[in-house]
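K.L.:
Everything below, folded, please.
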Amino acid sequence: MYRILCSIVIFVFCSCKPASVTKETKNNIATENEIGKPKFTDIEDQSEDPGSMELVGSIADIIIEASLCDRKYRVAVKLKVKNVIRTGRFISKPLAANSEPVMGFVNFLAKTRKLENELAIGQEILVTARERMCIDQSQRSYEILGFKIIK
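P.N.:
This next block holds a predicted model:
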C-alpha cells in the first residue's frame, strides 16, 4: 500500500509543471518569434514565373515572319540587352548584358497589337520573356510575353 501511495505522489509531482516554468517557455517562444523565425509574409513572392526573365534593351532589328527553333513568329526583334533585371530559377542559359538575341513575340501579342507600327529600331523597351528549348536541346529561343516602351 505504501508503494502505491508513493508512486501516485511521484507521478503527480512529475506530471504537473509549476506555473513559473510554463511562463518561461511562453516568454522564450515569444522572443524566438521576434528574433528571426520566418513568417509567411517573409517568403518570396511565388506569383512570378520561374521560367521567365525581365530585361531592358534596345531594338537592333525588326524581323517579320521569323522562324526560331522551328517555331514561326509573326514578329521578332533582335534585342541588344542593356540590363537584366530579373532571371527566373529555371532559366538554363540566362542572358547577359550586351548580348543580342533574336526574340519572337508570342502570337497573341502580334494578333492583338500592331507591333510593326509600335516598334522602331533604336527604341528602348522593358521585356518579359521566357526561354524555350529547341528540338536539338543544345539551342534556346526566347519568346516575349510582354513589353513596355521606355523611350
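
K.L.:
Quick check: beta-bridge partners of the residue nearest to Ala66 when sequence neighbours are not counted?
P.N.:
Spatial nearest neighbour of Ala66, chain neighbours left out: Ala76 (3.6 Å); criterion: C-beta to C-beta, 6 or more residues apart in numbering. Just so you know, the C-beta spots here come from the backbone N, C-alpha and C atoms, and that holds for glycine as well. Taking DSSP bridges as the rule, Ala76 bridges to Ile63, Gly104.

K.L.:
Give me the distance between Ala76 and Ile62.
P.N.:
Distance, Ala76 to Ile62, by C-beta to C-beta, to the nearest Å: 8 Å.

K.L.:
Comparing these two, which residue is more hemmed in?
P.N.:
Neighbour totals were compared for Ala76 and Ile62, and Ala76 leads with 25 against 16 (other C-beta atoms under 10 Å).

K.L.:
For the more buried one, give me the pLDDT.
P.N.:
pLDDT for Ala76: 91.

K.L.:
ditto for Lys72
P.N.:
Reported pLDDT for Lys72: 91.
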